[in-house]
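Colleague: 3D model of this:
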Amino acid sequence: MPNIADMLLDGNLRASWVPIIANLGAPTVAELTAGVALESRLTPDGLNISFDTSMIDNSALASTYDTEQVGRSKVTTTLKYKAGAAGTTDAVRDALSFRAVGYLVVRRGLDSGLAFAAAQKVEVYPSQCGRPNPDVPAPNTIQTVTVQLGSTGTPRGFDDPAVVAA
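Modeller: Numbering: from 1, shown residues only. Okay, here's the model as predicted:
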């Protein structure tokens, strides 16, 4: 039996590509609603956000133990989505085109179908899209595409989410 306090992700994650956000700490409902919803096109493992923190050696000549302090952080983000059939309109492909600049917005812990609303907590990742890469074909699969996002600014991540403004 699951622990009632656990945050379940199945069906409770929303991801959007938003073209403009004026205040990273308080994106508005209108700004978020203007974005392209990604969650129904991303594969189950298609949202990969990871942070790496560099360490600064601050040992001294007299040290007998190596010591470190926290240095710069870096976010690495990749998205893997299901490609639309040839000749069809594909809003996700168009939004995540090479060199597109925008914001990946992630909301966790609420039903994915629930509209963005004031006071919700969201992660905001200022980004630029790398070149879309069609994934390797395999039997019994659909075509997927992976896009790496470059970080263009300091994000409001899982540990420091933004709060949606009205």
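Colleague: most centrally placed residue in this structure?
Modeller: Leu104 (4.8 Å; CA atoms, centre = their mean).
Colleague: what strand or helix carries that one?
Modeller: strand 101-108 (DSSP states H and E).
Colleague: so for that strand, what gets flagged as buried?
Modeller: Neighbour-count burial for strand 101-108 flags Gly102, Tyr103, Leu104, Val105, Val106, Arg107, Arg108 (criterion: 16 or more other CB atoms under 10 Å). For the C-beta atoms, the positions are set from N, CA and C on the backbone; glycine is no exception.
Colleague: next up, the contacts around the closest residue to the last one other than its chain neighbours.
Modeller: Going back to what we said before, that points to Arg108. Nearest in space to Arg108, with sequence neighbours left out and distances taken as CB to CB, 6 or more residues apart in numbering, is Leu13 at 5.6 Å. Leu13 is in contact with Glu39, Leu47, Val106, Arg107, Arg108, Ser112, counting by CB atoms under 8 Å, 6 or more residues apart in numbering.
Colleague: could those residues go into CSV alongside distance to Val18 and pLDDT?
Modeller: Output for the contacts of Leu13, formatted as CSV (distance: CB to CB, whole Å; pLDDT from 0 to 100):
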residue, distance to Val18, pLDDT
Glu39, 13, 97
Leu47, 15, 97
Val106, 11, 98
Arg107, 12, 98
Arg108, 16, 96
Ser112, 16, 95
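Colleague: out of these, which is nearest to Leu149?
Modeller: Nearest to Leu149 out of these is Leu47 (CB to CB; 10.8 Å).
Colleague: picking up where we left off before, which residue, other than its chain neighbours, is closest to the residue nearest to the centre of the chain?
Modeller: Closest residue in space to Leu104, ignoring its immediate chain neighbours: Tyr125 at 4.3 Å, by CB to CB, 6+ apart.
Colleague: that concludes my questions; thank you for your assistance.
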